[in-house]
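**Q** Kindly return the folded structure for what I paste below:
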Amino acid sequence: MNPLNGPVEVGVRALVLLTEAFPGRLDVAELVFLDHAMLHSGDLGGGPASLQPDLPAGPGELGLRRALVEQGLVVLMRAGLVEMSPNERGFLYGATEEAASFLDTLKADYVGALKERAAWLAEHYLRPGADVREDMNQITRRWADQLRAEATGHGRDEDQ
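**A** A predicted model of the protein is given here:
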């Protein structure tokens, strides 16, 4: 089983984020970071507990996550829950008017936990002036530092 889940689950997570950002729109890079942050919110200083354990996948995880987010967005657009629009940065995705009603029909505790984390992320990362890409760069720098430490024999096991 893929630890990052399939396109439908990733699509639901993207829909939760886009519904929280409504009427705002996000690009794929922002959705990739926010999807990661939603699952690993406990690693973000002051965030709610993480929904998934920290996996040693690191940078490879982002490539897989990007492909799954893109696949999930296609599923959502076909269902009429997300629309895409071009701008100077590329394509932006936004929830449609029907998205919140659809999410309200999903009664799983997991969806409730996603909504809580999406609200926290919106407060911290979707406000005017917030730089999602800088936060993503910090995560990738941390992964690079961890990889360098492991390559030189100074991994986590030795630090504990």
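**Q** show me what contacts the residue nearest the centre of the chain?
**A** Centroid-nearest residue in the chain: Asp35, 0.9 Å away (criterion: Cα atoms, centre = their mean). When contacts are counted by Cβ atoms under 8 Å, 6 or more residues apart in numbering, Asp35 touches 10, 13-14, 17, 65, 69. Where you see a C-beta, it was placed from the backbone N, CA and C, and this is true even at glycine.
**Q** Okay, helices next: where are they in the protein?
**A** Taking DSSP state H as the test, the helices found in the chain are 7-21, 28-39, 59-78, 99-105, 109-125, 132-151, 156-159.
**Q** what mean pLDDT does the fourth one have?
**A** Helix 99-105 comes out with an average pLDDT of 94.
**Q** ok, now the shortest one?
**A** The average pLDDT within helix 156-159 is 47.
**Q** Return the distance of Ala29 relative to Tyr110.
**A** Separation of Ala29 from Tyr110 (Cβ to Cβ, to the nearest Å): 25 Å.
**Q** typed the wrong thing, it's Leu76
**A** Leu76 is 17 Å from Tyr110, by Cβ to Cβ.
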